[in-house]
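Visitor: just to be clear, the model below is a prediction. Sequence and coordinates:
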Amino acid sequence: MSDKDTKEIKEIYVDSNNLYREENFTDLKVASIRRLIPVKPDGSDDKSRAPIFMGQASMMTGAGPLPIQFPLDANNFKEAMDNFPEAVKKAVEKMIEEVKELQRKEASRIIVPGEGPGPVKLD
């Protein structure tokens, strides 16, 4: 291992002021909700910070299931469940728009002869 590799490893640390305990909830069908509970460096709950809620779902595509993760604007678990349907809908719409934009950019790209991979030689 070089000195550079060792230096990069030494720069990795745990941010003890931004620790969370994770809990997962699922309906075993479509919805998964992660609740990230703020904790202090000793592992006790940090009541000065609000929990963070994240939704997770899978969308079936021609290539198989596509995982989608999105924030849930909620102060408690009930609000997270109530906000899940609209949040997943917005996340899917955003993902579709991003894919369409990538397709538009790719379609408008100018192809210059001689750039990119050449013809494949078959022997």
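Guide: Cool, got the structure.

Visitor: nearest spatial neighbour of M54, chain-adjacent residues omitted?
Guide: Setting aside the residues directly before and after it, M54 is nearest to R34 in space (CB to CB, 6 or more residues apart in numbering), at 4.4 Å. The way it works is simple: take the backbone N, C-alpha and C, and place the C-beta from them, glycine included.

Visitor: bridging residues for the one you found?
Guide: Beta-bridge partners for R34, by DSSP bridges, are N24, M54.

Visitor: Y20 is in contact with that one, correct?
Guide: No: assessed by CB atoms under 8 Å, R34 is found out of contact with Y20, at 9.6 Å.

Visitor: the longest helix in this protein is where?
Guide: Using DSSP state H to define each element, the chain has its longest helix at helix 77-107.

Visitor: run the chain-centre distance for stretch 78-86.
Guide: The chain centre lies 18 Å from the centre of stretch 78-86; the measure is CA atoms, centre = their mean, to the nearest Å.
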